[in-house]
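J.: My questions are about this predicted structure, shown below with the sequence.
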Amino acid sequence: MGLILDTSVFISGERRGHSVRRILDAIQQQHGQVETAISAVTVAELTHGVYRARSPEQKEARKVFVEDVLASLSTYPLTVPIAQLLGRIEGEQAAAGVTIAFPDLAIGATALFFDLAVLTHNTKHFRLIPNLVLLTL
């Protein structure tokens with residue numbers, strides 16, 4: 001089973017000073033040679049971090065980091081069928097009194113649509129999505 005990498009995997013690696021290559025190598029060591037990609041939502045979340053940087057140096061380093069992520073991995077777009085799946089999950093869960101953050105829903109719906117697992121450090125939110133396979137690093 002392939003993997004969709006959640007934004008949290010990159011944020012924790014970046015905060016530790018790890019390169020994208022080091023993060024991807026660690027994933028490969030733990031989970032083997034599997035298809036690995038990101039959601040367009042992860043691109044948005046990582047880009048958000050660039051513009052929240054506390055200094056010009058940090059902003060530039062984050063910008064380079066995001067560019068490296070984009071150069072290293074395929075990105076799944078948020079398509080109409082994925083959005084419909086997301087809406088169904090969100091509606092069903094809301095009817096049951098469960099609220100899930102939109103970015104996590106979008107990443108999770110993308111993984112479900114393509115029959116992929118989500119690799120995350122944020123199991124608390126993703127475990128609220130029914131039938132989603134979660135893995136941690």
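T.: Cool, got the structure.

J.: for K59, what are its contacts?
T.: Residues counted as contacts of K59 (CB atoms under 8 Å, 6 or more residues apart in numbering) are 50-51, 53. The way it works is simple: take the backbone N, C-alpha and C, and place the C-beta from them, glycine included.

J.: what about it, distance to A53?
T.: Going from K59 to A53 by CB to CB, to the nearest Å gives 4 Å.

J.: Likewise for Q33?
T.: From Q33 across to A53, the span is 34 Å (CB to CB).

J.: need the strands for the chain, in chain order.
T.: 3-5, 36-39, 74-76, 117-119, 134-135 (DSSP state E).

J.: want to throw these into JSON lines with mean pLDDT and mean neighbour count?
T.: Output for the strands of the chain, formatted as JSON lines (pLDDT from 0 to 100; neighbours: other CB atoms under 10 Å):
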{"stretch": "strand 3-5", "mean pLDDT": "98", "mean neighbour count": "24"}
{"stretch": "strand 36-39", "mean pLDDT": "98", "mean neighbour count": "22"}
{"stretch": "strand 74-76", "mean pLDDT": "98", "mean neighbour count": "15"}
{"stretch": "strand 117-119", "mean pLDDT": "97", "mean neighbour count": "22"}
{"stretch": "strand 134-135", "mean pLDDT": "96", "mean neighbour count": "16"}
